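Visitor: 3D, please:
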Amino acid sequence: MERFIETIKVLDGQFYNLEAHERRARVTAEAFFGKPLAWEVGRMVIPATMCSGLVKCRVVYDSEVREVSFQPYVMRRIRSLRLVNGDGVDYRYKSTDRSVFARLLEKRGECDDVLIVRDGWVTDTSFTNVVFEDAGGGLYTPETCLLEGTRRQSLLDEGRIQACPIRVEDIRYFRRVFLVNAMIGIEDEISVPVVNIVE
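Guide: All right, here's what the predicted structure looks like:
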């Protein structure tokens with residue numbers, strides 16, 4: 001049976017954006033298993049050792065929640081990205097099976113991560129959505145993302161970013177690209193200058 005995952009930010013003992021994670025998990029379970037998912041994550045007691053600092057809560061589920069774990073989270077330093085062909089990659093649902101990303105990462109060479117391209121359209125890195133910043137400070141995320149991330153969606157809902165089609169040849173019109181996911185916000189400044197995105 002296929003299993004899925006939600007990664008939830010916990011900061012100083014508080015869950016972040018929990019409703020969005022619950023909503024996505026319920027939609028996924030309904031789509032794959034045709035039944036509602038019993039989700040009690042918000043009522044869980046966070047271990048005392050995980051109540052300070054930045055912590056990743058990992059929820060694994062199929063037709064029901066199978067595992068919930070907590071671990072301290074350390075931001076990865078990403079300084080360069082390699083464009084890789086991801087034609088045919090389908091990651092609309094956040095599966096525990098990430099073998100497709102492992103295969104794409106083998107092509108990164110000297111770069112820290114990959115920026116996946118499908119049919120000429122920019123999508124995501126191996127572990128984040130992306131937000132491009134132009135010279136005027138405008139923030140844009142590709143409409144063609146592989147996964148509709150919870151952080152990406154909250155930034156769209158708040159009007160802080162706009163979704164638009166971004167082709168590989170459009171990258172040069174931007175200044176840098178932010179990497180965002182449930183654990184990483186724009187304010188964390190995990191970004192790569194576009195000159196460090198290589199083919």
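
Visitor: what mean pLDDT does the longest helix along the chain get?
Guide: Taking DSSP state H as the criterion, the chain has its longest helix at helix 18-33. Helix 18-33 comes out with an average pLDDT of 96.

Visitor: which helices and strands sit right next to it?
Guide: Applying 3 or more C-beta pairs under 8 Å, 6 or more residues apart in numbering; DSSP states H and E, we find helix 18-33 packed against strand 4-11, strand 54-61, helix 150-157. C-betas here are computed from N, CA, C, even on glycine.

Visitor: turn these into TSV, columns for mean neighbour count.
Guide: Output for the helices and strands packed on helix 18-33, formatted as TSV (neighbours: other C-beta atoms under 10 Å):
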stretch	mean neighbour count
strand 4-11	20
strand 54-61	19
helix 150-157	19
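
Visitor: ok, which of those comes nearest R172?
Guide: helix 150-157 (22.6 Å; C-beta to C-beta).

Visitor: which residues does the closest one contact?
Guide: Applying C-beta atoms under 8 Å, 6 or more residues apart in numbering, the contact partners of helix 150-157 are 17, 20-21, 24, 129, 131, 139, 141, 145, 161-163, 180-182, 184-186.
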